[in-house]
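Student: how would this look folded up:
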Amino acid sequence: MSAAPKPQQPPGSGVEAELAIADADSKWLGAHYDPVANIYTFTSCIALADLNADGEYKMVVADLGSGNYDMKIKVFKGTTQIMENVILDLPTGVCAFHMDQTLPLVPAIAAASGPYVYVYKNLRPYFKFTLPPLEVNSVEQDLWNQAREEKIDVGVLREMLSSLRTEDSTERLTIRSLKFLNLDESELETYAQQHKHSPLKRQTVITCMTSMKKYSADDTAISCILVGTENKDVFIMDPEAFTILTRSSLPSVPVFLTANGLYDVEYRLIIACRNGKIYTMKRGTQTPKQIIELSSQAVGMERVGKNIMVGCMDQTLICYTSKGKRLWCVSLPASILTMELMDHKQKGFKGVFVALANCEVHLYKEKYLVNILKTEDVVTALKFGSFGREDGALIMTTKGGGLIIKLLRRTATFEEKDLAPGPPAAQNTKLNLPKKTKLFVDQTVRERESATVMHRMFQRDLYKLRLNVAKAYLKALEGSMTPITSNPSEPLKFSAHVQGIGPTYKLTVKLQNTSTTAPSLDLRITFRFDDAIYNIDTKLIHVPILIPSLEYIFDTLVHCLSDKGIADNISVLVYHPGSSAPLITGVINMPVSEGVSLG
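Tutor: Got it, this is the predicted structure:
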């Protein structure tokens, strides 16, 4: 036994009253919540407009229905549906625009669905614009002609169309051929007999839509309609004659489209495409310019002032300048589902709503998280603007078809303070740099006037430095003063250090053969020193063999003979008997003998 439908409750009673009490301490008032409103839509398919020019804004929703049927355009006055109109294909966008200046200034509604743009005025269908058809593949056309003349049967037709779809990936088949390829064997003959006598057409579909003022920035000025298509095109349509003013081609399919400026004066389009790149186009240019390459696919894009905020599939919210320079990036706790611009002109506040998969809606002002809204279900569509007589209304639809309406309190303020944990806001505050002093200005003038002379002096000093370094390096090579030998036939690594405080020291020498295969044979270690100051027990050390990669340690005792508290250098030489130059040389700076100085 089915339950009787619940009578609609006015805002402020029942569930709405509970939400209002729960949000009493927040910045939002829960005006309406209907979990079974049966509205399935996206952010691009919701618009708020004063359809009767009476100051009361209505909500226009393009409902997706079940995805295969029951797609409708619905208009709500408050929470009551006052109009619906069936459409034949899935909607991809809805926008309100003024198409003329006839009084009263009533806006029209444009709804994109398939290859059509349906225009409604005064809540009635007004015009249907069809995108220009695409050129049909000549081979596909010839195959259907042969099928009409019964030169080939449906089996050959299906095989040839399947082969054509596989070979030619740049040019897509028509809808008729694609449906034909998806049919069962028993349905092919009936389908072919039904459609083979009608002309073959290939049409694209609309992927995104927005509006742009034509010659004035007033709220009631005439606007142009912009649509992006699956065929990688962007069309700008005249709102009065419904003709195409501009057609531009893109490297990929557009998915998000924003416009800024006036069509007759100067404008800029920001287009996010399916290839993970963002392009910009200006008036008078037909070729788009790539400014941003994202690390993952874009989920939403909004233009805030001169900056572009992009939500990506890798749970990041990134801000770029209009020239593509990355300003900041914020990691989010869940996946982004949709985004919406919050432009509250009365408060002078601009921010971006971000709906997440964890049943939260975050509000960001620049990179600061200033507000969090928790919902009962995952939010799939957002729209902020005037609704009814209220200026700040947030409309949300959920995954389960619910409708949530929240009103911004007139006393609400958003502090530029991040609610998320992290570094303090003072870290991002610019330093108060002192003003330029007269000394700094004089120095700048002197450098500007004497730039040539200063550059020459710098070059001269640089050349002298390079010469001194080269001389020192040559002296080190000639005297074998480096810790590693420069002779490739005897690759040795050498180090020496002194232990003790005097007057007797322990001198340790470490030798290593850095070769991988050949051992070093018959080496000698000797010392060069002042015999009036030092005496060494073992003045000559015989090294019969050095196995590769093994480190050998040799030590001897050094006695300080002087009692005057002086120190000198001791040179350690490694050589082959009969050789005129050592293989490697090390110089040890001996410390002052503590025992002698104390004595």
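
Student: can we go C-alpha only for contacts and neighbour counts from here?
Tutor: Noted.

Student: doesn't L462 fall inside a strand?
Tutor: No: residue state for L462 (DSSP: H, G, I helix; E, B strand; the rest coil) corresponds to helix; a strand is not indicated.

Student: and it, how far from K493?
Tutor: 32 Å (Cα to Cα, to the nearest Å).

Student: give me the element E490 is part of.
Tutor: For E490, there is no enclosing helix or strand under DSSP states H and E.

Student: did I read that right, F458 in a strand?
Tutor: No: F458: not assigned to a strand; according to three-state DSSP it is helix.

Student: pull the number of nearby residues for it.
Tutor: 12 (other Cα atoms under 10 Å).

Student: quick one: pLDDT of it?
Tutor: Per-residue pLDDT puts F458 at 93.

Student: quick one: the strands in the stretch 51-200 of the chain, in order.
Tutor: 58-63, 72-77, 80-86, 91-97, 108-113, 116-121, 124-130 (DSSP state E, counting those that start in this stretch).

Student: mean confidence for the first one?
Tutor: Mean per-residue pLDDT for strand 58-63: 90.

Student: next, the angle strand 108-113 makes with it.
Tutor: 10 degrees (axes from the mean of the first three to the mean of the last three Cα atoms, to 10 degrees).

Student: picking that back up, L462 and K493: which is more packed in?
Tutor: K493 (18 against 11).

Student: that one pairs with what?
Tutor: Under DSSP bridges, the beta-bridge partners of K493 are I484, Q512.

Student: per-residue pLDDT, it?
Tutor: So K493 comes in at 84 (pLDDT).

Student: closest to K475 out of the strands of the stretch 51-200 of the chain?
Tutor: Taking Cα to Cα, strand 91-97 is the member of the strands of the stretch 51-200 of the chain nearest to K475, at 78.0 Å.

Student: neighbouring strands - and their directions - for that closest one?
Tutor: Assessed with DSSP bridges, strand 91-97 is paired to strand 108-113 (antiparallel).

Student: just the C-alphas of the partner strand, formatted as CSV.
Tutor: Output in CSV follows, covering the C-alpha atoms of strand 108-113 (Å, rounded to 0.1, in the frame of the first residue of the first chain):
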residue,chain,number,x,y,z
ALA,A,108,15.0,34.4,-22.7
ILE,A,109,16.2,31.0,-21.7
ALA,A,110,18.6,29.0,-23.9
ALA,A,111,18.9,25.2,-23.3
ALA,A,112,21.5,23.1,-25.2
SER,A,113,20.5,19.6,-26.0
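
Student: contact partners of that strand?
Tutor: 45, 51, 62, 87-99, 117-122, 205-206, 208-209 (Cα atoms under 8 Å, 6 or more residues apart in numbering).

Student: so G261 touches Y215, yeah?
Tutor: No: with contact defined as Cα atoms under 8 Å, G261 does not count as touching Y215 (9.1 Å).

Student: so where's the stretch 51-200 of the chain uncertain?
Tutor: 67, 168-171 (pLDDT under 70).

Student: let me see the ranges of the helices in it.
Tutor: Counting by DSSP state H, counting those that start in this stretch, the stretch 51-200 of the chain has helices at residues 138-148, 154-167, 175-181, 188-195.

Student: now do the second one: distance to the chain's middle.
Tutor: Going back to what we said before, that points to helix 154-167. 41 Å (Cα atoms, centre = their mean, to the nearest Å).

Student: now swap in the shortest one and tell me
Tutor: When distances are taken as Cα atoms, centre = their mean, helix 175-181 is centred 38 Å away from the chain's centroid.

Student: now swap in the last one and tell me
Tutor: With Cα atoms, centre = their mean as the basis, helix 188-195 stands 48 Å off its chain's centre.

Student: tell me the angle that helix makes with helix 154-167.
Tutor: Going by the same axes, to 10 degrees, helix 188-195 makes 80 degrees with helix 154-167.

Student: list the buried residues in helix 188-195.
Tutor: 188, 192 (16 or more other Cα atoms under 10 Å).

Student: cool, and the third one?
Tutor: Within helix 175-181, the residues that count as buried by 16+ other Cα under 10 Å are 177, 180-181.

Student: okay if I get the strands of the stretch 51-200 of the chain as JSON lines plus distance to Y473?
Tutor: Shown next, in JSON lines, are the strands of the stretch 51-200 of the chain (distance: least, Cα to Cα, whole Å):
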{"stretch": "strand 58-63", "distance to Y473": "79"}
{"stretch": "strand 72-77", "distance to Y473": "83"}
{"stretch": "strand 80-86", "distance to Y473": "87"}
{"stretch": "strand 91-97", "distance to Y473": "73"}
{"stretch": "strand 108-113", "distance to Y473": "76"}
{"stretch": "strand 116-121", "distance to Y473": "78"}
{"stretch": "strand 124-130", "distance to Y473": "79"}
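
Student: of those, which approaches P519 most closely?
Tutor: strand 91-97 (78.2 Å).

Student: now the angle between strand 72-77 and that closest one, please.
Tutor: Using the same axes, to 10 degrees: strand 91-97 against strand 72-77 is 40 degrees.

Student: ok, P125 to L403 distance?
Tutor: Taken as Cα to Cα, the span from P125 to L403 is 26 Å.

Student: gap between stretch 431-441 and the chain center?
Tutor: Worked out by Cα atoms, centre = their mean, stretch 431-441 lies 37 Å from the chain centre.

Student: now for G305, how many residues are close by?
Tutor: G305: 10 neighbours (other Cα under 10 Å).

Student: meant to ask about I566
Tutor: 14.

Student: so it makes contact with V592?
Tutor: Yes: shown here, I566 and V592 form a contact pair, counting by Cα under 8 Å, at 5.9 Å.

Student: in the chain, where is pLDDT below threshold?
Tutor: If you take pLDDT under 70 as the line, the chain has these spans: 1-25, 67, 168-171, 416-429, 477-488, 595-599.

Student: tell me the centre residue of it?
Tutor: L294 (4.0 Å; Cα atoms, centre = their mean).

Student: leaving out chain neighbours, which residue sits closest to that residue?
Tutor: For L294, ignoring the flanking residues on the chain, the nearest one in space by Cα to Cα, 6 or more residues apart in numbering is G276 at 5.4 Å.

Student: what about T444, is that helix, strand or coil?
Tutor: helix.

Student: who are the contact partners of it?
Tutor: Taking Cα under 8 Å, 6+ apart as the definition, T444 has no contacts.

Student: separation between it and C45?
Tutor: Taking Cα to Cα, one finds T444 at 59 Å from C45.

Student: mind listing the residues bridging to the nearest residue to I175 once chain neighbours are set aside?
Tutor: Closest residue in space to I175, ignoring its immediate chain neighbours: R202 at 6.9 Å, by Cα to Cα, 6+ apart. The partner list for R202 in beta bridges (DSSP bridges) reads L134.
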